[in-house]
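*Asks:* output the structure for:
(one chain, ligands or ions: 2)
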Amino acid sequence: MLRALIWDVDGTVAETERDGHRIAFNQAFEALGLPWHWDVAHYGQLLLVTGGRERLLHDMATRADAPAGVPAREALARELHRVKNATYADLVAQGGITPRPGVRRLVDECRAAGVALAVATTTSRSNVDALFASIWGADWQGHFGTVVCAEDAPVKKPHPQAYLLALQRLGVAAHEAFALEDSPGGLAAARAAGLACGVTKSVYFADAAFDGAAWVHDDLDAAPAMTLRQLQDTLAGTITAS
Ligand code: XBP
Ligand code: MG
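*Replies:* Residues are numbered from 1 along each chain as shown. Ligands and ions are numbered 1, 2, ... in the order given. Model (predicted):
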């Protein structure tokens, strides 16, 4: 029986990497007077590193013009990340980031059927708050049984920590829940937590391989639409098959 639907955020709920994070990282570089710019191709590579601060540190390790010592790099990454997240919230507030097709519908279906909703993301809590308040209003937290963010689960995907904590907080077994992801790393995290996982490919992972996914779709509304019924049937089939 499907008791909980656990959502990834970035790339799954909205195209946040395309419409928010990359733009905000570049604005942060500019705001701090750095001559750095992440183009789409480079950002696509950097997305293999989960976590914005970790991504910044990874990129600095390849740059001759980055601060030399580890403490200086960490301080710069922290400040850039703070400015990036503030800019991201501004982009959301300006209406620049909208939910992907079918997201609102599936959330409504779960709420109507009493299926718990949860979040398991490697992104910062402030980013989830900004995005979800813009989609579901200021009382969005009331719709979600638990919200696991980077601050709660510091070991980032593809490690399953965020999903394991979400399951524990929900009081739901892995075989009673279904995960939604957009990236190979996110899929690996969900599977490592023992979850069945469907994938709606985001733009940065359009050509990626998704071995182990219960299904892979362009979005939740692409035919056949991923309804709650469809997820329930998928989960029942997964359990029978394993
Ligand atoms: C998302 C991430 C995050 C975002 C940026 O991965 O890796 O780092 O890119 O958010 P997933 P922060 O969708 O698998 O959770 O800057 O707050 O980390
Ligand atoms: Mg994602």
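*Asks:* what about the closest residue to A209 other than its chain neighbours, how many neighbours?
*Replies:* In this structure, A209 finds its nearest non-sequential neighbour in P184, 6.7 Å apart by Cβ to Cβ, 6 or more residues apart in numbering. Bear in mind the C-beta positions are built from the backbone N, C-alpha and C, glycine included. Counted by other Cβ atoms under 10 Å, the residues lying close to P184 total 19.
*Asks:* for the residue in the chain that ligand 2 sits nearest to, give its distance to A153.
*Replies:* Of all residues in the chain, G11 sits closest to ligand 2, at 3.7 Å by Cβ to the ion. Separation of G11 from A153 (Cβ to Cβ, to the nearest Å): 17 Å.
*Asks:* neighbour count winner among those two?
*Replies:* Neighbours were counted for G11 and for A153 using other Cβ under 10 Å; G11 has more, 24 against 21.
*Asks:* and that one, what's its pLDDT?
*Replies:* Looking at G11, its pLDDT stands at 98.
*Asks:* run through who's touching the longest helix anywhere in the chain.
*Replies:* If you go by DSSP state H, the chain has its longest helix at helix 70-93. Identification of contacts with helix 70-93 by Cβ atoms under 8 Å, 6 or more residues apart in numbering yields 16, 19-21, 23-25, 27-29, 31-32, 34, 52-53, 56-57, 60, 66-67, 97, 124, 126-127, 130-131, 134.
*Asks:* thinking again about what came up before, so what's the residue nearest to A209 up against?
*Replies:* Applying Cβ under 8 Å, 6+ apart, we find P184 in contact with P158, F205, A208, A209, F210.
*Asks:* tell me the buried residues within those residues.
*Replies:* With neighbours counted using 16 or more other Cβ atoms under 10 Å, those contain these buried positions: P158, F205, F210.
*Asks:* of these, which belong to helices?
*Replies:* Among those, no member falls in helices (DSSP H).
*Asks:* tell me if the very next helix or strand once past the longest helix of the chain is near ligand 1.
*Replies:* Per DSSP states H and E, the first helix or strand lying C-terminal to helix 70-93 is helix 103-113. No - judged by Cβ under 6 Å from any ligand atom, helix 103-113 and ligand 1 are separated, with a smallest distance of 13.9 Å.
*Asks:* next: stretch 157-175.
*Replies:* Yes - if you take Cβ under 6 Å from any ligand atom as the test, stretch 157-175 does meet ligand 1, through K157.
*Asks:* same question for stretch 178-188.
*Replies:* Yes - judged by Cβ under 6 Å from any ligand atom, stretch 178-188 comes into contact with ligand 1 through S183, G185, G186.
*Asks:* pLDDT on that stretch, on average?
*Replies:* Average pLDDT, stretch 178-188: 98.
*Asks:* dump that stretch to PDB, keeping only the CA atoms.
*Replies:* Only the C-alpha atoms of stretch 178-188 are listed here, as PDB (Å, rounded to 0.1, in the frame of the first residue of the first chain):
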ATOM      1  CA  PHE A 178       7.500   6.000  -3.500                       C
ATOM      2  CA  ALA A 179      10.100   8.500  -4.500                       C
ATOM      3  CA  LEU A 180      10.200  11.100  -7.300                       C
ATOM      4  CA  GLU A 181      13.500  12.200  -8.700                       C
ATOM      5  CA  ASP A 182      15.100  13.900 -11.800                       C
ATOM      6  CA  SER A 183      18.700  12.900 -11.600                       C
ATOM      7  CA  PRO A 184      20.800   9.700 -11.500                       C
ATOM      8  CA  GLY A 185      22.300  10.700  -8.200                       C
ATOM      9  CA  GLY A 186      18.900  11.300  -6.700                       C
ATOM     10  CA  LEU A 187      17.600   7.900  -8.100                       C
ATOM     11  CA  ALA A 188      20.700   6.200  -6.600                       C
END
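*Asks:* show me the shaky parts of the chain.
*Replies:* By pLDDT under 70, the weakly predicted segments of the chain are 239-242.
*Asks:* good, we can wrap up now.
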